[in-house]
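>>> Just to be clear, the model below is a prediction. Sequence and coordinates:
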There are 2 protein chains.
Amino acid sequence: MSKSLPKRSENYSEWYNELVKRADLAENSAVRGCMVIKPYGYSIWEKMQRALDDKFKETGHTNAYFPLFIPKSYLSKEASHVEGFAKECAVVTHYRLKNDPETGGVIVDPDAKLEEELIVRPTSETVIWSTYKNWIQSYRDLPLLINQWANVVRWEMRTRLFLRTAEFLWQEGHTAHATRLEAEEEARQMLEVYAQFAEEWMAVPVVKGVKTPNERFAGAENTYCIEAMMQDGKALQAGTSHFLGQNFAKAFDVKFQDKEGKLEHVWGTSWGVSTRLMGALIMAHSDDSGLVLPPKLAPIQVVIVPIYRNDEQLADITVKVKQIMQELRKRGISVKYDDSDAYKPGYKFAEYELKGVPVRLALGGRDLENGTIEVARRDTKTKETVALEGIEDHIQALLENIQASIYNKALAFREENTVKANSFDEFTKILDDKGGFILAHWDGTSETEEKIKELTKATIRCIPLDQEHEEGTCILTGKPSAGRVVFARAY
Amino acid sequence: MSKSLPKRSENYSEWYNELVKRADLAENSAVRGCMVIKPYGYSIWEKMQRALDDKFKETGHTNAYFPLFIPKSYLSKEASHVEGFAKECAVVTHYRLKNDPETGGVIVDPDAKLEEELIVRPTSETVIWSTYKNWIQSYRDLPLLINQWANVVRWEMRTRLFLRTAEFLWQEGHTAHATRLEAEEEARQMLEVYAQFAEEWMAVPVVKGVKTPNERFAGAENTYCIEAMMQDGKALQAGTSHFLGQNFAKAFDVKFQDKEGKLEHVWGTSWGVSTRLMGALIMAHSDDSGLVLPPKLAPIQVVIVPIYRNDEQLADITVKVKQIMQELRKRGISVKYDDSDAYKPGYKFAEYELKGVPVRLALGGRDLENGTIEVARRDTKTKETVALEGIEDHIQALLENIQASIYNKALAFREENTVKANSFDEFTKILDDKGGFILAHWDGTSETEEKIKELTKATIRCIPLDQEHEEGTCILTGKPSAGRVVFARAY
């Protein structure tokens, strides 16, 4: 609390790193690339989990749990899958330690070598499809709509809290269907679920689209994604939903007997969001004073700070505060009363600002006399004095207002920073000026996409689902194109 | 469904294994010792999690998340801890696979060897206390009351679904306190939370006690436990709560400045329950027809099966069923209507019996005319015909009755099978006759405890918290003892 945060305008990256630590969201652990999610950060993640889990269940999915370890041979069964994940996986080779008679220390027991190495799951398609083989015989067993909440490990070389960590928490849905159409619809439905969650809960507007073949999930026929814009103009992929075709069904020999008695391979999807969403939430809304949290995901929605000169005054204030708290809790609003005498009100105000508590109430002796209370909102940093009478209605409406307002602000920012470029010069100029999403024509080839990435560090975030037909020419090659795609530099 | 379950009286162990698979709770995976928790099993675990998590939060704890991996050197910092866990841990030695130019297959990349091996957490004391070192400076930072929901790995050689698996799911609480007394109170409080959960939710009566030094957690000064009795008379340890003293604080140098400004080591506790509870739940109540679930943990509390001759009759029945379902759901009762035409009522009845659905309603055309409905309860396998009028009240009361009744049955069974033995002959005779809990005198030494275990396979489950003072002599050595301890063969 002693030192203020770095400013976004001066060092966005430092601002993010410092904010994550100072707001008690997460920190680096002693294990390279693995983070500790601290209680305050975890309580936001729990709220995300609950909301997403409810949505998965509403759409007919159930949870299950599959092994952490994947036999090396399984990972190799789908060719492009192993290609995509082999380079960054944690490998278990032994199952015992022992005392080293020479040094007295503890060493890996060379006699306890596994016959086949195990990979710590980077994603669970292989182990899940090897299980589905036994669960699916007939069309009656389909669709199979399963989700898993789990930890996964990808041995990233450069890591950043929440955005890219060696271990992260996520959910992974894995579904099996009788027809291509049904699987494709499932993949798009789950994209829609993610988009709704991002917009309605996280207050983060997203572009829905399809990844180019280059950016596809290793093993998918089609990858749908939602892309969000951060305050530095960079894109962040906030969720993906994959149509797997019959790739994993073929790799693991998963067939079903259809109504006519014919054996067919099953069609699959997988979809996931991770603790990376925490990074998106932080970077989309927060400011130089700290976190800005949408009320729907704030662990504490309202904090009340008493302003008092003596114990007697504090007692009077506390009586009133208890009434307000009771009323707010009846409405399902989470509220904290901070009457600790260890810190001054000014210190507390700064602390709750840093932590992103959406609404702060301050009640003093004078307020009690006047029948008023001071209401401060975190997102706009504005204060007003309102009547104590009906304060609960006022706060309930205010929380809804804040939720909408944060979303609208992020949406306006994205719209301002989404522009069309019609030449490569214009494209690079916009990128270097202010970044953002650039709508541009592309000739549809992987070569051009890679060349643009090499030259500008911008990638095609997606081909938007609502892409309009528009004849044009590729910004790099001048070849014909029938519609614009979304380019950006990305996290 | 074609084959009936093995009988408990003939092969209890086979009965358990088959039941777990047939009731769709869990199955073995391709990875040695790792299980797949199937959707139906997982939904019971989710209910357990929710109830426990609520209790943890009510007692002031918050959740957080710590790394999956533990540096080998950390595990070694607490001497008895590494001794206890080194022999059964999964060791990560490499972080990459690569194509083998010789075979064309995929191999571990020898160039990607970790400088220090990582252990997949068997429990997280070490990684958590190494983190607490940075979180705790002053008495103001205490107590630290944190819980984690996570997967852990212990490389067990002989595994059984839920009871003993290489990977399992659990929660582990890790708290830090300023005084010995406060930490001891925390350890006992959490034991009480576990006992209440076991009795009130799982309907499993438990004996609360303290482990002997032999059976203590590796690194604890004192281990409290709850012990449940299964239907074969064997004991199952259903939860443990450890008073860690200052052991981990010393190993990781975690000190705090007290109110007088003096630096002191912190006092710690840890406590956990795991998916092993699923095994206890299954073995405590189920019968030869399948699962018996206490209503509070049943994913489906009530199932309704229509009995009809034609579509018209089905339509009439369905109208009435929808009304009942709406009313039940208003009361928070989960209810499923199984009107699928793929199976006959008799098949459905057997299926829901196997799955342990506490209440089954059957509604036919004749019932509608008479204004009645058939109500079957799973635990007693009894049926009655009751009036449709007021059926929702009837069911709500019935569910409460079943919950209590299952508990009482398990309690009566335990009481019948808890006996005193006053000589070693008597002791072995009871063990071989019917097993159960045997209350016997013991001289208090580890040698005697081990000798009895060697001779009889029975262990001291605990020194009960409510142990009465009673002068006696050890059943093996004849040496003096001041009270009886609980012996049993155990899972």
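Now that the structure is in, tell me what you want to look at.

>>> surely residue A:417 meets residue A:436?
Yes - contact status for residue A:417 versus residue A:436: in contact at 3.1 Å, counting by C-beta atoms under 8 Å. In this view, the C-beta of every residue, glycine as well, is placed from N, C-alpha and C.

>>> mind checking pLDDT for the nearest residue to residue A:480 once chain neighbours are set aside?
Ranked by C-beta to C-beta, 6 or more residues apart in numbering or on different chains and with sequence neighbours excluded, the top spatial neighbour of residue A:480 is residue A:473, at 6.1 Å. pLDDT recorded at residue A:473 is 97.

>>> Give me the neighbour count for residue A:473.
Counted with other C-beta atoms under 10 Å in any protein chain shown, the neighbours of residue A:473 add up to 15.

>>> Please apply the same query to residue A:329.
Neighbours around residue A:329, by other C-beta under 10 Å: 13.

>>> And what about it, helix, strand or coil?
Using DSSP: H, G, I helix; E, B strand; the rest coil, the structure places residue A:329 in helix.

>>> ok, so what distance separates it from residue A:215?
Taking C-beta to C-beta, to the nearest Å as the measure, residue A:329 falls 46 Å from residue A:215.

>>> same deal with residue A:380?
Residue A:380 sits 37 Å away from residue A:215, going by C-beta to C-beta.

>>> Same check on residue A:454?
15 Å.

>>> Between these two, tell me which one has more neighbours.
Using other C-beta under 10 Å, the more surrounded residue of residue A:454 and residue A:215 is residue A:215, with 18 against 8.

>>> Report the contact partners of the more buried one.
Counting by C-beta atoms under 8 Å, 6 or more residues apart in numbering or on different chains, residue A:215 makes contact with A:223, A:459-460.

>>> Phi first, then psi, for it.
Dihedral angles of residue A:215 (phi, psi; degrees, to the nearest 10) stand at phi -100, psi 10.

>>> How confident was the prediction at it?
The model reports residue A:215 with a pLDDT of 93.

>>> go on, residue A:186?
pLDDT at residue A:186 comes out at 98.

>>> any idea how far chain B is from it?
17 Å (C-beta to the nearest C-beta, to the nearest Å).

>>> list the contacts for that residue?
A:143, A:145, A:175, A:177, A:269.

>>> From what I see, residue A:158 and residue A:164 are in contact.
Yes - using C-beta under 8 Å, residue A:158 is in contact with residue A:164, at 6.9 Å.

>>> Settle it for me: which of the two has more neighbours?
Just comparing residue A:158 and residue A:164: by other C-beta under 10 Å the higher neighbour count belongs to residue A:164, 16 against 6.

>>> Return the residues in contact with the more buried one.
Residue A:164 touches A:156, A:158, A:276, A:491, counting by C-beta under 8 Å, 6+ apart.

>>> could you point out where the stretch 1-150 of chain A is predicted with low confidence?
A:1-2 (pLDDT under 70).

>>> Walking through it, point out its strands one by one.
Using DSSP state E, counting those that start in this stretch, the strands of the stretch 1-150 of chain A run over A:26-28, A:35-37, A:62-63, A:69-71, A:91-94, A:97-99, A:106-108, A:113-120, A:144-153.

>>> And for the closest residue to residue A:92 other than its chain neighbours, the neighbour number?
Using C-beta to C-beta, 6+ apart and skipping the chain neighbours, the partner closest in space to residue A:92 is residue A:118 (4.3 Å). A count of neighbours around residue A:118, defined by other C-beta under 10 Å, yields 25.

>>> Look up how far residue A:172 lies from residue A:118.
Distance from residue A:118 to residue A:172, by C-beta to C-beta: 18 Å.

>>> From what I see, residue A:348 and residue A:305 are in contact.
Yes - applying C-beta under 8 Å, one finds residue A:348 in contact with residue A:305, separated by 5.2 Å.

>>> ok, those two, which is more surrounded?
residue A:305 (26 against 19).

>>> what's the helix or strand for the more buried one?
strand A:302-307 (DSSP states H and E).

>>> per-residue confidence averaged over that strand?
What strand A:302-307 shows for mean pLDDT is 98.

>>> repeat for stretch A:190-204
Here the average pLDDT along stretch A:190-204 is 98.

>>> What is the end-to-end distance of that stretch?
From its first residue to its last, stretch A:190-204 covers 17 Å (C-alpha to C-alpha, to the nearest Å).

>>> got it, and stretch A:226-239?
Taking C-alpha to C-alpha, the first and last residues of stretch A:226-239 lie 6 Å apart.
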